[in-house]
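Could you look at this predicted model? Sequence included:
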Amino acid sequence: MPQDPDFKVSPSISVKLVGPNDEDKVPALQIFPLNSDINIEWSSEGINDDSTVFIQVHYIFPTIPKETYVPLLKVPKISKLNENSIKLSLESELFETEKFYLVTVTLEGDEDVVGSSDPFEMKSLKLLIALAVLFIQITPNLAYEGVLSIPSDLSWIVCSEERTNTIGFEISEVNNDQVDQNNTLTVGWMVQGVVNASRYITHSVGFSVFVLRKKNLELFTNREAFEKNGEMFDYYSDFSCEARAVTECNRHTVDRKLLPDYDYQCLIVVNPNFQPVAIQYIINFDYIGFLENSANGLSGEVVQILQVLLIFFIVIIM
């Protein structure tokens, strides 16, 4: 017989799905691996007693003007309202990849009281693993590369977009004719810092590099405090090339030696010369996988081809 409602609240059931790797934030479209287990969770309002509920999975058949929901389970799963969850195995005998489904939880004796999950898609587990490898290996994270010219007595600054305690970079001096004179600065910015063409660095050619926390940038640009009090900015000496001007500077963190602070980090390239200096740079504030593109002289395109072949191999052997 129909459920007697609590007249303060209309009877309703809410449903959500939790997969094996789901976090608190639910994506716009949930994707679950074939042959994995998910939890169907529900809550209710306006229903007083511990009624029986029926759990059904529906295949979403793409019809016009409205989708058709085809029941997938020959016999719906049965549970109690206050159980609040049940496990569902996404077995390949029942589900197919590249198709969409949803789950309903219906109150016994009153089909109008039903809750539906958001639609979800099925993917092959080996495809999901391959996509994850592709994302980790190829997608640049907080990385910058290019060629630019730094005017005399100025410094170029670039900072991480996220807090980090890792960095990797390769910076070398190149001929000014390698710089596109019409190309505007798209990464970082130029400043006149306390390290300049007349102080601190013995130089003839080249540049100097400082790695530091973003919060310490203010002291770097405060020439007045430096000239009055000799107040120097803090930086990571182990990850800088600051003792003299150089034509090449390569540094990167490793598991055993990270930056001391987990914070927004910045890299400064100083031109202490009385003429412009051109540099070529690769900078990554996430050192994992960094320098793969230049290791052993391999170009970025070759490395990406090798990474795709690795993914293909993973798919084949699984």
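Yep, it's here. Numbering: from 1, shown residues only.

drop to CA atoms for contacts and neighbour counts, all remaining ones
Will do.

Show the residue spans covered by the helices in this protein.
Using DSSP state H, the helices of the chain run over 125-138, 217-221, 223-229, 300-317.

So, low pLDDT: which residues of the stretch 1-150 of the chain?
By pLDDT under 70, the low-scoring segments of the stretch 1-150 of the chain are 1-9, 21-29, 48-49, 124-142.

What ranges does it have for its strands?
For the stretch 1-150 of the chain, the strands defined by DSSP state E, counting those that start in this stretch occupy 12-18, 30-33, 37-45, 52-61, 68-71, 77-80, 85-89, 100-107, 110-116, 120-123, 143-150.

tilt between the fourth one and strand 100-107?
Think strand 52-61. Following axes from the mean of the first three to the mean of the last three C-alpha atoms, to 10 degrees, one obtains 160 degrees for the angle between strand 52-61 and strand 100-107.

For strand 52-61, which strands pair with it and how are they oriented?
strand 68-71 (antiparallel), strand 77-80 (antiparallel), strand 100-107 (antiparallel) (DSSP bridges).

tell me the angle that strand makes with strand 110-116.
Computed with the same axes, to 10 degrees, the direction of strand 52-61 lies at 60 degrees from that of strand 110-116.

Strand 52-61 vs strand 85-89, what angle?
40 degrees.

residues near residue 152, how many?
The number of residues packed near residue 152 is 17, by other C-alpha atoms under 10 Å.

quick revisit: any idea which of the strands of the stretch 1-150 of the chain gets closest to residue 279?
Closest to residue 279 of those is strand 143-150 (C-alpha to C-alpha; 5.7 Å).

Can you tell me which of the strands paired with strand 52-61 is most buried?
strand 100-107 (a mean of 23; mean count of other C-alpha atoms under 10 Å).

which residues are contacting that one?
Outside strand 100-107, the residues that touch it by C-alpha atoms under 8 Å, 6 or more residues apart in numbering are 13, 15, 40, 42, 51-60, 112-122.

Now the buried members of the residues you listed.
Taking 16 or more other C-alpha atoms under 10 Å as the criterion, what is buried in the contacts of strand 100-107 is 13, 15, 40, 42, 53-60, 113-117, 119-122.

re earlier: can you redo the strands of the stretch 1-150 of the chain as TSV with distance to residue 211?
Converted to TSV, the strands of the stretch 1-150 of the chain look like this (distance: least, C-alpha to C-alpha, whole Å):
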stretch	distance to residue 211
strand 12-18	42
strand 30-33	40
strand 37-45	46
strand 52-61	54
strand 68-71	58
strand 77-80	59
strand 85-89	51
strand 100-107	49
strand 110-116	52
strand 120-123	43
strand 143-150	15
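
Nearest to residue 242, out of those strands?
Here strand 143-150 is closest among the strands of the stretch 1-150 of the chain (C-alpha to C-alpha), at 16.7 Å.

Can you give the distance of that closest one from its chain's centre?
Distance, stretch centre to chain centre, for strand 143-150: 23 Å (C-alpha atoms, centre = their mean, to the nearest Å).

Could you give me the buried positions within it?
Here strand 143-150 shows 143, 144, 147, 148, 149, 150 as buried, counting by 16+ other C-alpha under 10 Å.

quick one, what contacts the third one?
By C-alpha under 8 Å, 6+ apart, the contact set of residue 147 is 178, 179, 278, 279, 280, 281.

and if we set it to 10 Å?
171-174, 176, 178-180, 183, 185, 278-282 (C-alpha atoms under 10 Å, 6 or more residues apart in numbering).

what's across from the residue nearest to residue 144 when sequence neighbours are not counted in the sheet?
Counting by C-alpha to C-alpha, 6 or more residues apart in numbering, residue 283 is the residue found nearest to residue 144 once chain neighbours are left out, at 5.1 Å. Beta-bridge pairing of residue 283 under DSSP bridges involves residue 144, residue 169.

before we move on, what about residue 70?
Residue 70 forms beta bridges with residue 59, as assigned by DSSP bridges.

Against residue 34, how distant is it?
19 Å (C-alpha to C-alpha, to the nearest Å).

Repeat that for residue 93.
For residue 93 relative to residue 34 (C-alpha to C-alpha), the value is 10 Å.

and these two? which has more neighbours close in?
residue 34 (22 against 8).

Touching, the more buried one and residue 95? I think so.
Yes. At 7.4 Å, residue 34 counts as touching residue 95 under the criterion of C-alpha atoms under 10 Å.

any residues in contact with both of these two?
89, 121, 122, 123.
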